[in-house]
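# model this:
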Amino acid sequence: MLQQPATRRRAMTGMGNTTVLKGIGTALPAHELAQSDVLVQARALLAPKYPFFEKLVPAFENAGVDKRYSVMPLDWFAADHGWADRGAAYMTGAKAMFIAAATDALQAAGISADQVDTIVTVSSTGIATPTLEAQAHAEMGFRRDVRRVPVFGLGCAGGVSGLSIARRLAAADPGSTVLMVAVEACSLSFRSDRLQKADVIATVLFGDGAAAAVIGAGSGSGAAGEVTLHEGHEHLFPDTLPIMGWDVDETGLGVIFDRSIPGFVTDEFRPAIASMLQEAQLDLSQIDRFVCHPGGTKVVEAIEATMDLPAGALDAERATLRDYGNMSAPTALFVLKRVLAAGQTGKLALCALGPGFTAAMMPLTVAP
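Next up, the predicted model:
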């Protein structure tokens, strides 16, 4: 006989009218890869096949990435792998990162897994059915009646858009607690069988990681450091589908990176952000800190230039890229965690660009 589901529990005391970030957590897989070692391995695997490889070596040296982390050891990439191998590695590695990041966020929020009402899981680098939150259900201790919202395909914008989705769900159900987890195993997209420069650039930049956030009602007290989440916004640029995404074939996922991305950011990022801020009844001049997904050094430089920021202003973005590489969706939340830990207060704009081609933005207010 089926047991009755556990009673849905909500923290109804101390509820305010605001939706706040109660905790943020991050996680990395076990294998640390130094950029110098990645270059050695890439040269051994790719240089014999691709005459242009040596021309791209400066990209490794100037990418602003010192190291990144991978769900698999470096020597795993020397062999050929198809969907089955990549899928198995994703299932194991992504599940472990999901659990670690979610646990970190819940501990930061001071709540247990059985207090979570809704889970939003964001990932674009592998396929899991049942989805990751179901895979982790028993180990985490989520309730049987927890609501599950898996989201696929947002790419690098997934951390910001996922947080926006989680915030809407929390706001629509006052008193509920929403856990958002963004987890990516970008390294598994490494390809040695395609004669495309985009695959080499992905090898230069990509790392694996996960980030989680706990969202719920605020106390209304305006306590120091409290992070209020405001309605998120997205801007889809027309006729830009080929700029970023995946090619899907019988071997796996193949990255699409158009060389026009930095120039596109220079031309289009500021108007898009200004438009989204206007929808939020804010002006560019009111933002104390832009918190951005660091897609790469050139993208960071392009954002600083187009937003009229001092050179080097996006220091947390560069530090995150240096320490972890581009982890796709979780990366913006790694940056946000670093910015909050540094004591930033005031009006923030959490921003990212992803396939679509899409800009995602969420305003935040951090109480002094």
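
# where do the strands sit along this protein?
19-27, 31-34, 67-70, 118-123, 147-152, 178-185, 208-217, 227-229, 233-236, 244-248, 253-257, 289-292, 346-354, 358-366 (DSSP state E).

# The longest one - which strands sit beside it in the sheet, and in what orientation?
It refers to strand 208-217. Applying DSSP bridges, strand 208-217 is found paired with strand 19-27 (antiparallel), strand 178-185 (antiparallel).

# could you give the angle of the last one to strand 118-123?
Same thing as strand 178-185. For strand 178-185 against strand 118-123, the angle by axes from the mean of the first three to the mean of the last three CA atoms, to 10 degrees is 20 degrees.

# Check which residues of strand 178-185 are buried.
Val178, Leu179, Met180, Val181, Ala182, Val183, Glu184, Ala185 (16 or more other CB atoms under 10 Å). Where you see a C-beta, it was placed from the backbone N, CA and C, and this is true even at glycine.

# roughly how far apart are the last one and Cys292?
Between Ala185 and Cys292 the computed distance is 23 Å (CB to CB, to the nearest Å).

# Would you mark the buried spots in stretch 361-368?
Here stretch 361-368 shows Met361, Met362, Pro363, Leu364, Thr365, Val366 as buried, counting by 16+ other CB under 10 Å.

# Just give me the closest of these to Val149.
Nearest to Val149 among the buried residues of stretch 361-368: Met362, at 17.0 Å, using CB to CB.

# wouldn't the closest one be in contact with Ile165 here?
No. Applying CB atoms under 8 Å, one finds Met362 not in contact with Ile165, separated by 10.4 Å.

# so what's in contact with these two at the same time?
Gly232 (CB atoms under 8 Å, 6 or more residues apart in numbering).

# for the closest residue to Ala102 other than its chain neighbours, what are its contacts?
The shortest distance from Ala102 to any non-neighbouring residue, by CB to CB, 6 or more residues apart in numbering, is to Ala212 (4.7 Å). Applying CB under 8 Å, 6+ apart to Ala212 gives the contacts 24-27, 98, 101-102, 104-106, 179-182, 333.

# On the pLDDT front, check Ala212 for me.
You'll see Ala212 listed with a pLDDT of 98.

# Can you give me the distance of it to Ser176?
In terms of CB to CB, Ala212 sits 17 Å off from Ser176.

# Now do stretch 49-68: distance from first to last residue.
Taking CA to CA, to the nearest Å, the first and last residues of stretch 49-68 lie 25 Å apart.

# between the lengthiest helix in the chain and strand 19-27, how many degrees?
In terms of residue count, the longest helix belonging to the chain (DSSP state H) is helix 83-109. Angle, helix 83-109 to strand 19-27, by the same axes, to 10 degrees: 130 degrees.

# Taking strand 244-248 as reference, get the angle to helix 83-109.
Angle of helix 83-109 versus strand 244-248, following the same axes, to 10 degrees, is 140 degrees.

# just checking, what packs against helix 83-109?
If you count contacts as 3 or more CB pairs under 8 Å, 6 or more residues apart in numbering; DSSP states H and E, helix 83-109 packs onto strand 19-27, helix 132-135, helix 137-140, strand 178-185, strand 208-217.

# shaky segments in the stretch 151-300 of the chain?
Applying pLDDT under 70 to the stretch 151-300 of the chain picks out residues 195, 219-221, 247, 252, 254, 259-260.

# Just the helices from it, written as ranges.
For the stretch 151-300 of the chain, the helices defined by DSSP state H, counting those that start in this stretch cover 158-172, 197-205, 261-279, 297-306.

# quick one, which of the ones you listed is packed in tightest?
helix 158-172 (a mean of 25; mean count of other CB atoms under 10 Å).

# For the residue nearest to Gly158 when sequence neighbours are not counted, give me its contacts.
Setting aside the residues directly before and after it, Gly158 is nearest to Ala329 in space (CB to CB, 6+ apart), at 3.0 Å. By CB under 8 Å, 6+ apart, the contact list for Ala329 reads 122-124, 154-159, 162, 182-184, 211.

# repeat that with 10 Å
Going by CB atoms under 10 Å, 6 or more residues apart in numbering, Ala329 touches 122-125, 151, 154-162, 181-184, 186, 209-211, 293, 352, 354.

# now Thr251
Contacts of Thr251 (CB under 10 Å, 6+ apart): Asp80, His81, Gly82, Trp83, Arg86, Arg191, Asp193, Arg194.

# give me that answer again for 7 Å
Neighbour list for Thr251: Gly82, Asp193 [criterion: CB atoms under 7 Å, 6 or more residues apart in numbering].

# and the gap between Glu139 and Ala102?
Counting by CB to CB - Glu139 and Ala102 are separated by 10 Å.

# quick one, which of these two is more surrounded?
With neighbours defined as other CB atoms under 10 Å, Glu139 and Ala102 compare such that Ala102 has more, 31 against 14.

# got a pLDDT number for the more buried one?
The model's pLDDT for Ala102 equals 98.

# Please apply the same query to the one 10 residues further on.
As summarised for this prediction, Ser112 has a pLDDT of 97.
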